[in-house]
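Asks: Predicted model and sequence follow; I will ask about them next.
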Amino acid sequence: MTHIRVLMLGLVALIALVGCSGIRAPVVQEDAPAAAPADDPMSVNVIRIGAAVSETGKYSREGRDTRQGYGTWLEWVNNEYGGIDVAGKRYQVELVMYDDEGDPDTVARLVEQLISEDRVDFLLGPYSSSLTQSASAISEKYDKIMVEGNGASESLFERGFRNLFAVLTPAGNYTQSALKMLAEQGAQSVVIAYEDTAFPTSVAEGAQRWAKAYGLEVLGIETYPRDVADVSGIMAKFKEVEPDVFVGGGHFNDAILFIRAAKELDFNPKAMVITVGPSNPKLVQEVGADAEYVIGPTQWEASMGYEDEYFGTAAEYAARYEAQWGEPPTYQAAESTATALALHLAIEAAGALDTASVRNALREMEVVTFYGPINFDETGKNASKPMGAIQVQDGEILVVAPGHAAVSDLRYPAPAWKER
């Protein structure tokens with residue numbers, strides 16, 4: 001297990017290496033000093049925020065994006081914004097982070113440690129719905145606010161929790177833009193494969209709902225277990241029914257498996273819609289030209305027209321992120337920055353640090369950020385934000401839906417593998 005404390009105080013942030021991942025990050029200390037006594041003339045007011053996010057394990061790729069997204073906000077809020085304004089008093093932010101190793105039991109234990117031992121004031125969420133489910137149960141137990149941007153399953157918000165808030169579009173809506181667009185292009189049938197865990201299950205349930213709404217016949221549905229290593233059996237079954245559209249609900253590694261199995265089996269749907277992977281530039285690096293024509297839901301892209309007074313436009317946020325981390329942001333990174341920003345804005349609106357005041361401020365929040373609109377409903381979901389769709393075209397990730405955000409037309413149908 002890796003434990004890092006990220007403490008950014010003052011005007012200049014030092015850069016260090018974190019663990020074995022080679023990620024540049026703000027100052028990392030094994031034992032960050034406690035805040036100075038109140039009567040110390042050099043004392044600094046500090047808000048301590050905790051997060052357990054994957055550095056190793058199944059979600060290490062997505063966890064990296066999440067941690068870097070939090071780090072982007074952290075450097076900005078302390079070194080440019082001047083700290084969080086609480087009733088006229090400025091507070092610097094200390095971020096205490098642990099590696100949850102992609103394990104639900106580990107994340108629960110670490111969140112309890114953050115609350116009970118590290119005495120954090122607030123929590124930011126982990127990556128994935130399954131880890132968020134475990135982490136938020138602990139934050140609710142201790143009446144601590146958790147704002148998150150990487151747990152999209154609707155089941156998270158059906159438990160009656162008061163302290164969980166999510167800035168992202170719910171998983172059931174992930175495929176809506178893509179399936180609507182494909183139906184308008186003449187697609188008539190769809191098959192669905194998904195990992196049997198919370199987020200992909202919500203994606204698949206939503207895909208069935210949208211398929212029905214747009215007149216697409218569902219020819220087959222298959223599930224597979226977490227950490228699957230081979231999906232060729234599923235893809236072989238789907239090849240026999242010759243669907244127009246394949247929908248794959250999973251995470252980054254699953255996207256690679258779907259694409260490689262489809263090519264190896266010469267399975268040729270006219271469109272492949274796959275969650276998480278296609279919006280990440282690393283997918284093109286992994287599978288090369290085989291990623292062409294693949295469609296993916298996206299929470300955010302740098303080409304979108306959102307803007308705020310904090311990070312500027314979506315494009316300006318992307319430029320900032322790339323300058324800091326040496327790579328362009330994925331939507332997971334952007335939504336993680338937006339997660340921290342939402343908590344920050346709620347604290348300022350509350351003018352206080354107690355749970356009840358900040359919770360009320362979150363419930364009343366209605367703001368447009370570089371990431372999009374944020375307005376939480378009574379369950380804690382973001383009720384305002386639409387979902388986009390991208391397609392890999394000539395090696396680029398381009399927004400193709402919804403229409404007002406599109407920068408390119410959909411390429412449909414995709415040619416057969418042998419004709420590419």
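Replies: Okay, I see it.
Asks: show me where the stretch 151-300 of the chain has helices.
Replies: 176-184, 198-213, 232-241, 252-265, 281-287 (DSSP state H, counting those that start in this stretch).
Asks: Pull the contacting residues for Ala356.
Replies: Listed by CB atoms under 8 Å, 6 or more residues apart in numbering, Ala356 has no contact partners. Quick note: C-beta positions are derived from backbone N, CA and C, even for glycine.
Asks: which element is it on?
Replies: helix 355-363 (DSSP states H and E).
Asks: do the same with Ala342
Replies: Following DSSP H and E, one finds Ala342 within helix 331-350.
Asks: okay, now the closest residue in space to Leu343 that isn't next to it in sequence: neighbour count?
Replies: Take Leu343 and drop its neighbours on the chain: the residue closest to it by CB to CB, 6 or more residues apart in numbering is Val147, 4.4 Å away. When neighbours are counted by other CB atoms under 10 Å, Val147 registers 28.
Asks: and Val147, what pLDDT?
Replies: Looking at Val147, its pLDDT is 98.
Asks: And the one 3 residues further on, by the same measure?
Replies: With respect to pLDDT, Asn150 has a value of 97.
Asks: Sketch out the low-pLDDT regions of this protein for me.
Replies: Flagging of the chain using pLDDT under 70 yields the residue ranges 1-43.
Asks: Could you point out the longest strand of it?
Replies: strand 89-98 (DSSP state E).
Asks: Pull stretch 372-390 out as PDB, backbone CA atoms only.
Replies: Provided in PDB are the C-alpha atoms of stretch 372-390 (Å, rounded to 0.1, in the frame of the first residue of the first chain):
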ATOM      1  CA  GLY A 372     -20.000  21.800 -17.600                       C
ATOM      2  CA  PRO A 373     -23.000  22.600 -15.400                       C
ATOM      3  CA  ILE A 374     -23.200  21.300 -11.800                       C
ATOM      4  CA  ASN A 375     -26.600  21.200 -10.100                       C
ATOM      5  CA  PHE A 376     -27.200  18.400  -7.600                       C
ATOM      6  CA  ASP A 377     -30.600  16.800  -7.300                       C
ATOM      7  CA  GLU A 378     -32.000  15.500  -4.000                       C
ATOM      8  CA  THR A 379     -30.100  12.200  -4.300                       C
ATOM      9  CA  GLY A 380     -26.700  13.900  -4.900                       C
ATOM     10  CA  LYS A 381     -26.500  13.300  -8.700                       C
ATOM     11  CA  ASN A 382     -25.700  16.100 -11.100                       C
ATOM     12  CA  ALA A 383     -29.000  16.800 -12.700                       C
ATOM     13  CA  SER A 384     -27.800  19.300 -15.300                       C
ATOM     14  CA  LYS A 385     -25.000  17.700 -17.300                       C
ATOM     15  CA  PRO A 386     -25.500  16.100 -20.700                       C
ATOM     16  CA  MET A 387     -23.300  13.200 -22.000                       C
ATOM     17  CA  GLY A 388     -21.300  13.500 -25.200                       C
ATOM     18  CA  ALA A 389     -19.900  11.000 -27.600                       C
ATOM     19  CA  ILE A 390     -16.600  10.900 -29.400                       C
END
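Asks: buried residues in it?
Replies: 372, 374-376, 379-382, 384-385, 387-390 (16 or more other CB atoms under 10 Å).
Asks: ok, back up a step: who touches whatever helix or strand comes next after the longest strand of the chain?
Replies: Using DSSP H and E, the helix or strand that follows strand 89-98 in sequence is helix 104-116. Contacts with helix 104-116, where a contact means CB under 8 Å, 6+ apart, come from 1, 50-52, 96, 98, 100, 120, 123, 126, 130-131, 133-135, 137-139, 142, 144.
Asks: Same question for stretch 220-237.
Replies: Stretch 220-237 has contacts (CB under 8 Å, 6+ apart) with 58, 191-197, 204, 208, 238, 241, 243, 254, 257-258, 261-262, 264-265, 267.
Asks: Quick check: end-to-end length of that stretch?
Replies: 9 Å (CA to CA, to the nearest Å).
Asks: repeat for stretch 215-231
Replies: 27 Å.
Asks: which parts of that stretch are buried?
Replies: In terms of neighbour count (16+ other CB under 10 Å), stretch 215-231 has its buried residues at 216, 218-220, 223-224, 228, 231.
Asks: Also stretch 284-300?
Replies: Buried residues in stretch 284-300, defined by neighbour count with 16+ other CB under 10 Å: 284, 286-287, 290-300.
Asks: Great, nothing more from me.
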